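Colleague: Quick one, structure for this:
(2 chains)
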Amino acid sequence: MEVQAPPPRLSRGERPTEVGPARVRLGRWFIAGACLAPVGAALLAVLVGPADLSPGTVLSVLAAKLPLGFHSHASALDAGIVWQIRTPRIVLGALVGATLAMAGASYQGVFQNPLADPYLLGVAAGAGLGATLAVAAVANPASWSIDPVPLAAFVGALVAVALTYVLGRSGQRGRTTTSLILAGVAVGSFFTAIQTYTQQRNTPTLMQVYSWILGGLSTADWQQVELIAPYVGVCGVVLLSSRRLLDVMAVGDEEADSLGVKAGQIRLLIVIASTLATAAVVAVSGLVGFVGIIVPHTVRLVVGPSYRRILPLSILVGAAFLILADLVARTVLSPAEVPLGVVTAFVGAPFFLVVLRQSRRAP
Amino acid sequence: MRVTVTDLRVAYDGHEVVSGVSFALEPGGWLCLIGPNGSGKTTLLRALGGLREFGGEVRFDDEVIATQKRRRLARSVAYVPQRPVLPATMTVRDYVLLGRTPYIAFFGSESRHDRAVATEVLDRLDLTGFAARGLGSLSGGEAQRAVLGRALAQQAPLLLLDEPTAALDPGHGQHVLELVDTLREERQLTVISAMHDLTLAGQFADRLALIAAGRIIADGTARAVLNEKTLARHYGAELRVIEDGLGGIVVLPRPHPRRARWREDGR
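Modeller: Got it, this is the predicted structure:
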């Protein structure tokens, strides 16, 4: 019996929309705001902190770092707080936020799955296991020339994703995307099981591992910025350059192929770039959740589905969001700190709901 | 563009689903592949679009396509699948612009010329008023025009259409085929389509090729291919082929004897 062909199908999770004038106006304001947001957030974050420094002192320290011949009269202690503690933390926060948002958007595009986040293929579990093993095995990390925990987290993340990719590729032919996601779930569960077991066998280090998993930037310094900047920079250029190809991938692998794009190769390239950048930032920040999902979705709700706009705007909004989240994390219970992952989820979820409601009102 | 296919073979998991297919199609011609479900029409179209590995030889003009790179091939052939994926929130303009992909550098973005081509295509297909709308808000006929628009933006001389009217009502189906026919004349397109509606296939295509079990059984004009005996053998159904009085051929299912009796009884 002949089966009647159904009408052209819609991509999963999407609803029919029409781009109305109000949405276009909202989009323009959003783009302008997103461009200014990281600068505004960074300025606010550098001015506010547990140490009671005047805005003049802070700005004079920053101005002295510019090649303008300006000399600051701030004390060495104040200058140290501004330049060695607050500024690297802000820069690191911006890099972490931008990377997680960028990688989340890329994963959502390449897997055509709105729930994809940078941890989809096992980065989180791999990094978690690496960090746990390092904390448990290295008795005196100070004796190492570089901190073994970020290094082990980075290696663990890459091993997990490589394993996911090998397993996913060996799955059903023609269903690589689903196989990869399932392999990610399996590898993630396996690595988490080993991590939990290791943690149980080393209860004295439980607190240290737990605090790493919840994420934070309390140990931020310029060395960490220098460590991750090359990864974030190179991968950022690759992903930004691929933003048009992500739009092409939205029509599925076969149609992308018929348009001259080898979908499998593009997917591999984007997964490698996203994973490398994510592994690098996770190594220094721990597992900061939610950014990779809520930032790209917030941007998408306002400016539409094209990755040509989503990707660059996610980078800007992600950077600003994490700078502000870290500002909250280090000031709200000062001098104690709230884990960064807690703040991003606590602030991000309601904010996302507000954006969701607003976007439905805009015609 | 002249299409020459010689001894084309396609296999899935070692099982040959298209075997020994050969034909030649002149520039500006329209060949329609007909045949029962599972006969290999879609597989043949996908092979011609370079989307399936195949044995034998396919030449576009004098060039063998197996040696062409993916991007270059996409400039020669535009493929419209039976069930295109239409991202609901993507605007019609962005969707049509995807057709320019074979002309855009790997990491590049659209040039002014690419945008001008898309605008011209939108205008030609009466889609300008829909350009800013999401694909999910279009009716079946409008969506099919958007899909054709993306294919036209590829500016490929060969157009492959897999069941272009399957999801459309008779009016919209006819409109889409008339549009393809007009564009074929305007742009000197060569068209190869797969269709189940034998009447429409006979009306629009210059030639029909009946495919069964992966082989071409009959190839020629509608009048030569559409005969009751051949169709009954390969479709496994009783079909009537009648003249429409206007020079065309209509293919209808032959009523079951019981239904014919009811009609006589006036029931």
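Colleague: host element of B:Leu183?
Modeller: According to DSSP states H and E, B:Leu183 maps onto helix B:170-187.
Colleague: To clarify, my last question referred to B:Leu31.
Modeller: Short version: B:Leu31 belongs to strand B:30-34, going by DSSP H and E.
Colleague: mind listing the helices in the stretch 151-300 of chain A by residue range?
Modeller: For the stretch 151-300 of chain A, the helices defined by DSSP state H, counting those that start in this stretch cover A:176-201, A:206-213, A:222-241, A:243-249, A:253-258, A:263-285, A:291-303.
Colleague: Ranked by average pLDDT, which of those falls at the bottom?
Modeller: Sorting the helices of the stretch 151-300 of chain A by mean pLDDT places helix A:206-213 lowest, at a mean of 82.
Colleague: quick one, that one and helix A:263-285 angle?
Modeller: Helix A:206-213 runs at 130 degrees relative to helix A:263-285, counting by axes from the mean of the first three to the mean of the last three CA atoms, to 10 degrees.
Colleague: what packs against helix A:206-213?
Modeller: Applying 3 or more CB pairs under 8 Å, 6 or more residues apart in numbering or on different chains; DSSP states H and E, one finds that helix A:206-213 contacts helix A:123-137. Backbone N, C-alpha and C define where each C-beta goes, glycine included.
Colleague: Neighbours of the closest residue in space to A:Ser242 that isn't next to it in sequence, how many?
Modeller: Distance criterion CB to CB, 6 or more residues apart in numbering or on different chains; nearest residue to A:Ser242, sequence neighbours excluded, is A:Ile270 at 5.7 Å. For A:Ile270, the neighbour count with other CB atoms under 10 Å in any protein chain shown is 23.
Colleague: my guess is A:Ile270 contacts A:Ser241, does it?
Modeller: No: between A:Ile270 and A:Ser241 there is no contact under CB atoms under 8 Å: 10.5 Å.
Colleague: Apart from its chain neighbours, what residue comes closest to A:Leu44?
Modeller: Closest residue to A:Leu44 apart from its sequence neighbours, by CB to CB, 6+ apart: A:Leu327 at 6.7 Å.
Colleague: host element of the residue most central in space within chain A?
Modeller: Against the mean C-alpha coordinate of chain A, by CA atoms, centre = their mean, the closest residue is A:Leu100 at 1.0 Å. Taking DSSP H and E as the definition, A:Leu100 sits inside helix A:87-111.
Colleague: cool, B:Ala78 as well?
Modeller: strand B:77-80.
Colleague: Just list what the next helix-or-strand element following that strand packs against, helices and strands only.
Modeller: The element immediately downstream of strand B:77-80 (helix or strand, assigned by DSSP H and E) is strand B:85-86. The helices and strands touching strand B:85-86, judged by 3+ CB pairs under 8 Å, 6+ apart, are strand A:9-10, helix B:140-153.
Colleague: how much does the last one deviate in direction from helix B:170-187?
Modeller: In other words, helix B:140-153. Using the same axes, to 10 degrees, helix B:140-153 lies at 20 degrees relative to helix B:170-187.
Colleague: which other residues reach helix B:140-153?
Modeller: Contacts to helix B:140-153, defined as CB atoms under 8 Å, 6 or more residues apart in numbering or on different chains, come from residues A:7-8, B:78-80, B:84, B:86, B:92, B:95-100, B:117-118, B:121-122, B:124-127, B:130, B:135, B:138, B:159, B:164, B:167-169, B:172, B:175-176, B:179-180, B:183, B:187.
Colleague: Apply 7 Å and report the result again.
Modeller: A:7-8, B:78, B:80, B:84, B:86, B:92, B:95-100, B:117-118, B:121-122, B:125, B:127, B:130, B:135, B:138, B:159, B:164, B:167-168, B:172, B:175-176, B:179, B:183 (CB atoms under 7 Å, 6 or more residues apart in numbering or on different chains).
Colleague: Ok, stretch A:312-328 next?
Modeller: A:31, A:34-35, A:37-38, A:41-42, A:44-45, A:48, A:89-90, A:93-94, A:96-98, A:100-102, A:105, A:217, A:240, A:291, A:295-296, A:298-299, A:303, A:340, A:343-344, A:347.
Colleague: Need the CA coordinates for that stretch. PDB is fine.
Modeller: The C-alpha coordinates for stretch A:312-328 follow below in PDB (Å, rounded to 0.1, in the frame of the first residue of the first chain):
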ATOM      1  CA  PRO A 312      28.500  36.700  18.100                       C
ATOM      2  CA  LEU A 313      25.800  37.900  20.400                       C
ATOM      3  CA  SER A 314      26.000  34.900  22.600                       C
ATOM      4  CA  ILE A 315      29.700  35.600  23.100                       C
ATOM      5  CA  LEU A 316      29.000  39.200  24.200                       C
ATOM      6  CA  VAL A 317      26.000  38.300  26.400                       C
ATOM      7  CA  GLY A 318      27.800  35.200  27.900                       C
ATOM      8  CA  ALA A 319      30.800  37.400  28.900                       C
ATOM      9  CA  ALA A 320      28.600  40.100  30.500                       C
ATOM     10  CA  PHE A 321      26.400  37.500  32.200                       C
ATOM     11  CA  LEU A 322      29.300  35.600  33.800                       C
ATOM     12  CA  ILE A 323      31.100  38.800  34.900                       C
ATOM     13  CA  LEU A 324      27.900  39.900  36.700                       C
ATOM     14  CA  ALA A 325      27.200  36.400  38.100                       C
ATOM     15  CA  ASP A 326      30.800  36.300  39.500                       C
ATOM     16  CA  LEU A 327      30.300  39.800  41.000                       C
ATOM     17  CA  VAL A 328      27.200  38.500  42.800                       C
END
